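[1] What would the 3D arrangement of this be:
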Amino acid sequence: MPSSSPRFTVTFGGWYQRTTLHLSEIYDLFALGHSGLKLEQTKLVGCGVKNWQGKPVTMVCFHTGKPLAPNEKSDLFLFVVDRGALADSPEQNQLLMARVNTLSTVTWAEGERVYLLASPDETVLRETLSVKSL
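    Predicted coordinates for the structure are as follows:
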């Protein structure tokens, strides 16, 4: 059971409401542990809200502890976007695997959000999602 007092504070300043909701959801993920992803062994490296095709996308960067390429700080990336921001989003409970440049990606939808998990190592995705094959 999570403690009623937060261990960290998220401060919002000058961002519009949709960005605030994304950051609140990330806070819930870390503070309350509402995620099916196996992130216990990863280190949070950073997060932010990016603009993608005129829509806000939340990005959270992790380091799994595996060796990194030179000048890299992260090897696991989670992107969250509103389902309405995409012309073609996955069905509920559907995992879509793709290779985008140097990253393997898995995309899925839950409720009104679409999630994309990316890593240069497909094995990291399988371990994080707790599945044997994608």
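
[2] per-residue confidence for the most centrally placed residue in the chain?
    Nearest to the mean C-alpha position of the chain, counting by CA atoms, centre = their mean, stands residue 78 at 2.1 Å. For residue 78, the pLDDT comes out at 92.

[3] Downstream of the lowest-mean-pLDDT helix or strand in the chain, the next helix or strand is which one?
    Ranked by mean pLDDT, DSSP states H and E, the helix or strand of the chain with the weakest confidence is helix 17-32, at a mean of 56. Reading on from helix 17-32 to the C-terminus, the next helix or strand found by DSSP states H and E is strand 43-52.

[4] Contacts for the host helix or strand of residue 109, please.
    Using DSSP H and E, residue 109 maps to strand 103-110. Residues from elsewhere that reach strand 103-110 (CB atoms under 8 Å, 6 or more residues apart in numbering): 77, 83, 89-99, 114-122, 125, 129, 134. The C-beta positions use only the backbone N, C-alpha and C, and glycine is treated the same way.

[5] Please identify the buried residues of it?
    Neighbour-count burial for strand 103-110 flags 103, 104, 105, 106, 107, 108, 109 (criterion: 16 or more other CB atoms under 10 Å).
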